[in-house]
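# Generate a structure from the sequence data that follows.
(chains A and B)
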Protein chains: 2
Amino acid sequence: MSLLVVGALAYDTVETPSGRVDDILGGAATYFAVGASFFGPVRLVGVVGEDFKHEHRKLLLDQGILLDGLEVRKGKTFRWSGRYAGDMNVAETMATHLNVLDGYEPTVPEAFRDSRFLFLANAPPRTQAHVLDKVPGAFTVLDTMNYWIQETWDDLNEILKRVDMLVCNDQEARALAEDHSLIRAGRKLLKKGPKVVVVKKGEHGAFLWGEDFFHAIPAYPLEHVVDPTGAGDSFAGGLVGSLAASGSTDERSLRRAMIMGAVVASFTVEDFSLRRLRAITRAQVDARYEEFLGFTAHP
Amino acid sequence: MSLLVVGALAYDTVETPSGRVDDILGGAATYFAVGASFFGPVRLVGVVGEDFKHEHRKLLLDQGILLDGLEVRKGKTFRWSGRYAGDMNVAETMATHLNVLDGYEPTVPEAFRDSRFLFLANAPPRTQAHVLDKVPGAFTVLDTMNYWIQETWDDLNEILKRVDMLVCNDQEARALAEDHSLIRAGRKLLKKGPKVVVVKKGEHGAFLWGEDFFHAIPAYPLEHVVDPTGAGDSFAGGLVGSLAASGSTDERSLRRAMIMGAVVASFTVEDFSLRRLRAITRAQVDARYEEFLGFTAHP
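Numbers count the residues shown, from 1 in each chain, chains lettered A, B, ... in the order given. Predicted structure coming up:
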């Protein structure tokens, strides 16, 4: 498979009912790449500061993530801090320091431009569009967030016409479709361009709208969630990684990929940062996949 | 099949973003009975006031609901009024007037005591226990609400030891299990006595815990919800009605019954009161059941 992800790497400070961790490895592209890495090698394009630790570079390489597109800029790595309370479905952002991410325009190495699958993690839509120009042959998956929906509406709607698949959460789907009904929102988003729309609902599972089918899955049932950070990005990693590995985006592959996304995300939230994802094997992913089929088995 | 439901009939006043209706037919037992009626005749025990309309009695009879246990007491029928806003997942109760329900103790007609399935709709746990004594051979399903969890903790935990199945919503499950994790809550509730625990999550679907399996379903995806009132009770109606019709409570029957519950509830919320449920046929229920299988089909 040839799967490229472009997006943020970060150092996160996170507080949840289970505890607090400072400056741990995070970022949308990081979680995506590690989530996708169970299915094959992942190409990564992003930027870090001079403070990016050797051990974290090694962690990514050990997962089979190719770092030829990882730029090191003068300054500090992007930092995010947030906390979760109550039902832990929504993070409260405490601080965001863009640092080296400020004004960053990704450079896609020549060797990555033949990628068959491209994941554009949350970034300014214009930046995402420039990357898209560089990888013309890929099946393209776009993520975004509320900030871009509010601040760069036209740019975002423009790039939506050019991507194959949109992955976002329920709040973002409602905002982008301008509809409080999630079911109507999904169908409206299809009309903005993507052939596939996936909406992540955290502990409530996920929906997928294809051109001629709808698919719904619950989340994997967990007794104990330590830290929801990265759940959505690693869901996307499992989803797109599974598609890239199969080399197909047909209905069967998409349905399978949805469950792989849910399974990968379920491991992510069992510990802080990438601790759990690093510790598991593909066999464990597959075992939980089979277990998931049982939870949702037809009568 | 022989299915008995004991619980409240009501006149509801409901306000939703779709409009307002006054003194329409409602009540947990009513929604349950009509929801279950697609699968076979339903025996009903409850109380109404002298104001209960002939047309509503006829409506129930036309659905195949046996009213031998419907008592008419001096006074007015139980009234509830509530409104829904925003995501419509939770009703805000505006007023409750018990009227004839105040101090009511159900009398189970001799002819109903051989019922094989018994649904104890929301009521004081002691009242539910008295009914249980009268129908000793039934597979018993209990519903409850936050008020009884708070006010009659011991009584409720006592009756839980005697029922086969608990059906409640996510808030109630968390309160009754004293655990904010719904997944842990479900397993804890199993330990309180029931062999099966079903937790309804509104638009987010439902979970079922059996003695040796777990089942999760999404809700049927609806573009437009008119009135969520009765969704949970008619879900229970579809669920238990389907079980009663099959005469079985094995894993296969339970998985099928969960989907039937979701399907019946999806019709309920498409209009106010019982308007939509009255207008549909078993064939429409079955068609939506098949459609539901498609939404959740395995890869």
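
# For chain B, what's the nearest residue on the stretch 1-150 of chain A?
residue A:87 (7.1 Å; CB to the nearest CB). For glycine as for every other residue, the C-beta is placed from the backbone atoms N, C-alpha and C.

# check contacts around that residue.
With contact taken as CB atoms under 8 Å, 6 or more residues apart in numbering or on different chains, residue A:87 is in contact with A:203, B:180.

# Let me know the pLDDT of it.
For residue A:87, the pLDDT comes out at 70.

# separation between it and residue B:216?
As judged by CB to CB, to the nearest Å, residue A:87 and residue B:216 stand 17 Å apart.

# can you point me to the longest helix in chain A?
helix A:251-268 (DSSP state H).

# Show me how far the helix or strand following that helix is from its chain's centre.
Note on helix A:251-268: by DSSP states H and E, the next helix or strand toward the C-terminus is helix A:275-279. Centroid displacement of helix A:275-279 relative to its chain, using CA atoms, centre = their mean, to the nearest Å, is 16 Å.

# Would you mind writing the CA trace of the very next helix or strand once past helix A:275-279 as PDB?
Following helix A:275-279 in sequence order, the next helix or strand is helix A:282-295 (DSSP H and E). Below are the C-alpha coordinates for helix A:282-295, written out as PDB (Å, rounded to 0.1, in the frame of the first residue of the first chain):
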ATOM      1  CA  ARG A 282      -1.900  -6.600  14.400                       C
ATOM      2  CA  ALA A 283      -3.000  -9.900  15.800                       C
ATOM      3  CA  GLN A 284      -4.600  -8.000  18.700                       C
ATOM      4  CA  VAL A 285      -6.300  -5.600  16.300                       C
ATOM      5  CA  ASP A 286      -7.700  -8.600  14.300                       C
ATOM      6  CA  ALA A 287      -8.900 -10.400  17.500                       C
ATOM      7  CA  ARG A 288     -10.800  -7.300  18.600                       C
ATOM      8  CA  TYR A 289     -12.200  -7.000  15.100                       C
ATOM      9  CA  GLU A 290     -13.600 -10.500  15.300                       C
ATOM     10  CA  GLU A 291     -15.000  -9.700  18.800                       C
ATOM     11  CA  PHE A 292     -16.600  -6.600  17.300                       C
ATOM     12  CA  LEU A 293     -18.400  -8.700  14.700                       C
ATOM     13  CA  GLY A 294     -19.900 -10.700  17.500                       C
ATOM     14  CA  PHE A 295     -21.300  -7.600  19.200                       C
END
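
# Now do the buried residues in helix A:282-295.
Neighbour-count burial for helix A:282-295, counted by 16 or more other CB atoms under 10 Å in any protein chain shown, picks out A:285, A:288-289, A:292, A:295.

# Pick out the lowest-pLDDT one from these.
The model is least sure about residue A:295 among the buried residues of helix A:282-295, giving it 94.

# Okay, strands next: where are they in the stretch 101-250 of chain A?
Listed in chain order, the strands of the stretch 101-250 of chain A (DSSP state E, counting those that start in this stretch) span A:117-120, A:139-142, A:165-169, A:196-200, A:206-209, A:214-217.

# Please identify the most buried of those.
strand A:117-120 (a mean of 29; mean count of other CB atoms under 10 Å in any protein chain shown).

# Against which helices or strands is it packed?
strand A:3-6, helix A:125-134, strand A:139-142, helix A:231-246 (3 or more CB pairs under 8 Å, 6 or more residues apart in numbering or on different chains; DSSP states H and E).

# and it, how far from the chain's centre?
Using CA atoms, centre = their mean, the offset of strand A:117-120 from its chain centre is 10 Å.

# What strands line up against it, and which way round?
Strand A:117-120 has the following strand partners under DSSP bridges: strand A:3-6 (parallel), strand A:139-142 (parallel).

# got the residues of the stretch 51-200 of chain A near chain B?
A:86-87, A:180-184, A:187 (CB under 8 Å from any CB of the partner chain).

# Make a ChimeraX selection of whichever of those residues turn out to be buried.
Here is the ChimeraX selection string for the buried members of these, based on 16+ other CB under 10 Å:
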select /A:181,182,183,184,187
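
# Quick check: of the residues of the stretch 51-200 of chain A next to chain B, which lies closest to residue B:173?
residue A:87 (13.3 Å; CB to CB).

# SS state for the closest one?
Under the three-state scheme (DSSP: H, G, I helix; E, B strand; the rest coil), residue A:87 adopts coil.

# can you pull the contacts of the spatially closest residue to residue A:77 that is not a sequence neighbour?
Leaving aside its sequence neighbours, residue A:77 sits nearest to residue A:49 (CB to CB, 6 or more residues apart in numbering or on different chains; 4.1 Å). The contact partners of residue A:49, by CB under 8 Å, 6+ apart, come to A:72-78, A:99-100.

# top of the residues you listed by neighbour count?
Most neighbours among the contacts of residue A:49, by other CB atoms under 10 Å in any protein chain shown: residue A:77, with 27 neighbours.

# any idea how far residue A:186 is from it?
35 Å.

# same question, residue A:51
Separation of residue A:51 from residue A:186 (CB to CB): 41 Å.

# Residue A:206 reaches residue A:217, doesn't it?
Yes: using CB atoms under 8 Å, residue A:206 makes contact with residue A:217 at a distance of 5.6 Å.

# Tell me which of the helices and strands packed on strand A:117-120 is the most buried.
When these are compared using mean count of other CB under 10 Å, strand A:3-6 is most buried, at a mean of 30.

# Which residues outside the helix or strand following it are in contact with it?
Downstream of strand A:3-6, the first helix or strand assigned by DSSP H and E is strand A:10-16. Strand A:10-16 is contacted by residues A:20-28, A:30, A:51, A:77-84, A:88, A:94-95, A:226-229, A:272-273 when judged by CB under 8 Å, 6+ apart.

# Repeat the analysis, applying 7 Å as the threshold.
A:20-27, A:77-84, A:88, A:226-227, A:229, A:272 (CB atoms under 7 Å, 6 or more residues apart in numbering or on different chains).

# same deal with stretch A:111-130?
Residues from elsewhere that reach stretch A:111-130 (CB under 7 Å, 6+ apart): A:2-8, A:28-29, A:32, A:43, A:45, A:68-69, A:105-106, A:131-132, A:134-135, A:137-145, A:148, A:152, A:155-156, A:159, A:233, A:236, A:240, A:243-244.

# First residue to last residue on it, what's the distance there?
Using CA to CA, to the nearest Å, the end-to-end distance of stretch A:111-130 comes out at 17 Å.

# doesn't residue A:240 make contact with residue A:261?
No: with contact defined as CB atoms under 7 Å, residue A:261 does not count as touching residue A:240 (8.2 Å).

# Tell me which residue lies nearest the centroid of chain A.
Nearest to the mean C-alpha position of chain A, counting by CA atoms, centre = their mean, stands residue A:233 at 2.5 Å.

# And that one, what's its pLDDT?
For residue A:233, the model assigns a pLDDT of 97.

# how close does it get to chain B?
Residue A:233 is 22 Å from chain B, where distance means CB to the nearest CB, to the nearest Å.

# Identify the residue spatially nearest to that residue, adjacent ones excluded.
Ranked by CB to CB, 6+ apart and with sequence neighbours excluded, the top spatial neighbour of residue A:233 is residue A:31, at 3.6 Å.

# pretty sure residue A:215 is touching residue A:259, no?
No: with contacts counted by CB under 7 Å, residue A:215 stays clear of residue A:259, the gap being 9.6 Å.

# circling back to that earlier point, out of the buried residues of helix A:282-295, which touch chain B?
By CB under 7 Å from any CB of the partner chain, the members of these lying near chain B are residue A:295.

# Now for the buried residues of helix A:282-295: which two are most distant?
Farthest-apart pair in those is A:285 and A:295; separation 15.6 Å (CB to CB).

# wait, isn't residue A:96 in contact with residue A:82?
No: in this structure, residue A:96 is not within contact of residue A:82 by CB under 7 Å, at 8.9 Å.

# give me the low-pLDDT residue ranges for chain A?
For chain A, applying pLDDT under 70 flags no range at all.

# Chain neighbours aside, what residue packs nearest to the residue of it positioned farthest from its centre?
In chain A, the residue that sits farthest from the middle, by CA atoms, centre = their mean, is residue A:299; the gap is 32.6 Å. Once flanking residues are discounted, residue A:299 sits nearest to residue B:256: 3.5 Å by CB to CB, 6+ apart.
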